[in-house]
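Colleague: Make a model of this:
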Amino acid sequence: SAMLYTQVVLEHACPLAEIPGIESPEFERPRDCKRGPQDASDSVCMEGFRYMARRGPEGEWEPILPDGMKELLLADADNDIL
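Modeller: Next up, the predicted model:
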């Protein structure tokens with residue numbers, strides 16, 4: 001995200017305040033996802049992060065992520081850190 005913001009600011013001379021973004025985005029696991037009772041999280045909240053955003057097919061704002069990043073975040077949420 002930082003590199004993307006930097007590119008837009010420098011190459012397009014766009015003020016940072018004018019770039020659309022989402023604060024602390026939350027990514028939900030698809031409802032049709034097969035999961036067992038041991039799976040703890042149905043969503044991941046990236047608290048404290050800001051992602052550049054674009055309009056989705058339904059007109060809602062969605063974060064711009066690299067390919068596979070959303071799936072990686074959701075898969076990693078089930079890992080126990082202790």
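
Colleague: Do you have the strands of the chain handy? List them.
Modeller: Taking DSSP state E as the test, the strands found in the chain are 21-23, 26-28, 43-45, 50-55, 61-63.

Colleague: Do a quick rundown of the helices in the protein.
Modeller: Secondary structure of the chain (DSSP state H): helices located at 2-12, 69-76.

Colleague: Just the buried residues of the first one, please?
Modeller: This points to helix 2-12. Neighbour counts using 16 or more other CB atoms under 10 Å place 5, 8 of helix 2-12 among the buried residues. For glycine as for every other residue, the C-beta is placed from the backbone atoms N, C-alpha and C.

Colleague: Surely residue 8 is in contact with residue 17?
Modeller: No: with contact defined as CB atoms under 8 Å, residue 8 does not count as touching residue 17 (12.0 Å).

Colleague: Distance check, residue 76 against residue 49.
Modeller: Distance of residue 76 to residue 49, computed by CB to CB, to the nearest Å: 14 Å.

Colleague: again with residue 73
Modeller: Residue 73 sits 11 Å away from residue 49, going by CB to CB.

Colleague: quick one, which of those two is more surrounded?
Modeller: residue 73 (16 against 13; other CB atoms under 10 Å).

Colleague: For residue 12, see how far away the more buried one is.
Modeller: Taking CB to CB, one finds residue 73 at 28 Å from residue 12.

Colleague: just to revisit the earlier point, so which of the helices of the chain gets nearest residue 54?
Modeller: helix 2-12 (11.0 Å; CB to CB).

Colleague: For stretch 7-15, the averaged confidence score.
Modeller: If you average the pLDDT over stretch 7-15, you get 94.

Colleague: ok, and what's touching that stretch?
Modeller: 16, 19, 52 (CB atoms under 8 Å, 6 or more residues apart in numbering).

Colleague: same question, stretch 57-76
Modeller: 1, 4, 20, 22, 25, 27, 29, 41, 44, 46, 51-56.

Colleague: Point out the least confident member of these, please.
Modeller: Ranked by pLDDT, those bottom out at residue 41, which scores 55.
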